[in-house]
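Novice: prediction below, plus the sequence it came from.
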Amino acid sequence: MLKGKHIVVGVTGGVAAYKACELVSRLSKQQATVEVMMTEAATSFVKPETFQALSRNQVVTGLFQSVKYWEIEHISLAQKTDAVIIAPATANIIGKIANGIADDFLSTMVMASTVPVVLAPAMNTQMYENPIFQRNMEVLKSHGYHFVDPCEGLLACGDIGKGKMAEPATLEDYLINLLIPKQDLAGYRILVTAGPTREEIDPVRYITNYSSGKMGYALAEMAKKRGAQVTLVTGPCQIPVPKVDEVVSVLSTKEMLQAVMSRYEEQDAVVKAAAVADYRPADRAAQKIKKQDDETISLALVKNPDILWELGKIKKDQVLVGFAAETENLVKHATSKIKHKNLDLIVANDLTLPGVGFDHDTNQVTLLFPDGRSQQIPMEEKTKIADSILNEVVHLLRQKHARK
Ligand code: CTP
């Protein structure tokens, strides 16, 4: 499956370096071009010759071999590669990358690289749980670095706990999923809404909310990667817009309603991740509202249309997915929205949990279905949460199409 892919395997100094041999062997058997880059410490655990034989390529080791070599080879390697995987990744290399330190071939190549970088940590449990290491890991995750979590087991130091590097087969699967996303949404049209809506009070003021659009953008991006034809209807967001088939920018709830309704008929699924304003000012002042002498003023608000409810009302075969952002009684409130809005699935967010909901790179959600089933998705990056939600969308689409 990885035929034609170019993968750099970085090996750092840990006992698990021996497992990198199996990883390199597996990738070579998949006919990927594999280049191994070892830190100086890694060469104390496995000889470069072993990797050379397994990868059938020259192995780069330690410090820069020469300035000329560094300038040419190192930059070109960073650019022709499809992915970099560092396995094992010690606390040291993770700390260096997280803090912008590039003092050897591997750390410099990672810094010059624009391709996905996968890190497979391996270390003693206390080191893994150390808050400084955890912070470094979070920093890298927030910059899009991928982590394959270590497992629990007997560690080289004799302790039993978390820190054992993920198995080579797991790392191989991770690379396959990363480089060759499954195409299980091919042939389906999906519309995703994202971000906040903005309700103007006057020419200089508006009502909005903290939504960043990250969850909706991740859903649109992952749906596209999985082969869907994707329309993204987005409120005003400050993050890069994913490459999808159609992007419709809107401001107000009414504009979002219009954009979604006019495209609803042709969709197979609609995922409403947008944080829609429930109310808007009754009148938008034509001129800037001037400060009054009174200590208080009131702003009259009128109810906005509930887009999802409107979609639920006229739903035919579409899969309809809603979000529920709650600060209390998560399951009760979210469940009532399933019925009220005629949904096939609701993604419930408990906004009181740290790292959950608006503006975070991570999320933790509960998926609730009309038949009472529920599924917890633990704290993950939003792209991974998006993938889990889309797995359910695929099931629902298949069920609906099988019934046709
Ligand atoms: N939604 C919508 N139109 C609105 C309000 C919400 O389409 N006017 C959608 C959201 O995109 C989300 C779902 O409905 O998918 C639930 O939104 P949420 O704000 O959690 O719930 P509300 O129905 O607005 O109820 P409440 O604010 O009372 O919790």
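Specialist: That came through fine.
Novice: who are the contact partners of the closest residue to the ligand within the stretch 51-200 of the chain?
Specialist: Per Cβ to the nearest ligand atom, Thr193 is where the stretch 51-200 of the chain lies closest to the ligand, at 6.2 Å. Every residue, glycine included, has its C-beta placed from N, CA and C. Shown in contact with Thr193 (Cβ atoms under 8 Å, 6 or more residues apart in numbering): 216, 232-235, 256, 260, 270-274, 276, 307.
Novice: cool, Gln58 as well?
Specialist: Glu35, Gln52.
Novice: circling back to that earlier point, what strands line up against the one helix or strand the residue of the stretch 51-200 of the chain closest to the ligand maps to, and which way round?
Specialist: Taking DSSP states H and E as the definition, one finds Thr193 inside strand 189-194. Using DSSP bridges, the strands paired with strand 189-194 are strand 229-234 (parallel), strand 269-272 (parallel).
Novice: what about dumping the CA coordinates of stretch 38-57 to PDB?
Specialist: The C-alpha atoms that make up stretch 38-57 are tabulated as PDB, following Å, rounded to 0.1, in the frame of the first residue of the first chain:
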ATOM      1  CA  MET A  38      19.900   7.900  13.500                       C
ATOM      2  CA  THR A  39      21.000  10.200  16.200                       C
ATOM      3  CA  GLU A  40      24.400   9.600  17.700                       C
ATOM      4  CA  ALA A  41      22.800   8.000  20.800                       C
ATOM      5  CA  ALA A  42      20.700   5.600  18.700                       C
ATOM      6  CA  THR A  43      23.900   4.100  17.200                       C
ATOM      7  CA  SER A  44      24.800   2.800  20.700                       C
ATOM      8  CA  PHE A  45      21.700   0.600  20.500                       C
ATOM      9  CA  VAL A  46      21.600  -0.600  16.900                       C
ATOM     10  CA  LYS A  47      24.300  -0.500  14.300                       C
ATOM     11  CA  PRO A  48      23.600   1.700  11.200                       C
ATOM     12  CA  GLU A  49      24.500  -1.300   9.100                       C
ATOM     13  CA  THR A  50      21.400  -3.200  10.300                       C
ATOM     14  CA  PHE A  51      19.200  -0.300   9.100                       C
ATOM     15  CA  GLN A  52      21.200   0.000   5.900                       C
ATOM     16  CA  ALA A  53      20.500  -3.700   5.100                       C
ATOM     17  CA  LEU A  54      16.800  -3.400   6.000                       C
ATOM     18  CA  SER A  55      16.200  -0.200   4.100                       C
ATOM     19  CA  ARG A  56      18.600  -0.900   1.300                       C
ATOM     20  CA  ASN A  57      19.600   2.800   1.600                       C
END
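Novice: quick one: distance of that stretch to the chain centre.
Specialist: 32 Å (Cα atoms, centre = their mean, to the nearest Å).
Novice: kindly report the same for stretch 317-326.
Specialist: Here the centre of stretch 317-326 is set off from its chain's centre by 19 Å, with Cα atoms, centre = their mean.
Novice: alpha carbons only: can I get it in CSV?
Specialist: The C-alpha coordinates for stretch 317-326 follow below in CSV (Å, rounded to 0.1, in the frame of the first residue of the first chain):
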residue,chain,number,x,y,z
ASP,A,317,-32.9,10.5,3.0
GLN,A,318,-30.2,12.7,4.3
VAL,A,319,-28.1,11.8,7.3
LEU,A,320,-28.5,14.7,9.7
VAL,A,321,-25.8,15.3,12.4
GLY,A,322,-26.1,18.0,15.0
PHE,A,323,-23.9,19.3,17.8
ALA,A,324,-24.9,20.1,21.3
ALA,A,325,-22.8,22.4,23.3
GLU,A,326,-23.9,22.1,27.0
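Novice: show me the contact partners of it.
Specialist: 215, 264, 267-273, 275, 308, 311-312, 330, 333-334, 337-338, 341-351, 357-358, 389, 393, 396-397, 400, 404.
Novice: near the ligand, from those residues?
Specialist: By Cβ under 6 Å from any ligand atom, the members of these lying near the ligand are Lys272, Leu308, Lys337.
Novice: after the helix or strand hosting Leu119, next one along is what?
Specialist: Under the criterion DSSP H and E, the helix or strand holding Leu119 is strand 117-121. The element immediately downstream of strand 117-121 (helix or strand, assigned by DSSP H and E) is helix 125-129.
Novice: so which bits of that following helix are buried?
Specialist: Thr125, Met127, Tyr128 (16 or more other Cβ atoms under 10 Å).
Novice: centre of the chain versus it, how much separation?
Specialist: 25 Å.
Novice: now that helix - C-alpha only, PDB.
Specialist: This file holds the C-alpha atoms of helix 125-129, laid out as PDB (Å, rounded to 0.1, in the frame of the first residue of the first chain):
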ATOM      1  CA  THR A 125       6.600   6.100  33.000                       C
ATOM      2  CA  GLN A 126       7.800   8.900  35.200                       C
ATOM      3  CA  MET A 127       9.500  10.700  32.300                       C
ATOM      4  CA  TYR A 128       6.300  10.200  30.200                       C
ATOM      5  CA  GLU A 129       4.100  11.600  32.900                       C
END
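Novice: which residues touch it?
Specialist: Residues from elsewhere that reach helix 125-129 (Cβ under 8 Å, 6+ apart): Ala91, Pro121, Phe133, Pro150, Leu155, Asp159, Gly161, Lys162, Gly163.
Novice: one step back: between the buried residues of helix 125-129, which sits nearest Ile85?
Specialist: Nearest to Ile85, judged by Cβ to Cβ, of these is Tyr128 at 18.6 Å.
Novice: what's the distance between that closest one and His340?
Specialist: Per Cβ to Cβ, to the nearest Å, Tyr128 is found 44 Å from His340.
Novice: do the same with Ser212
Specialist: 26 Å.
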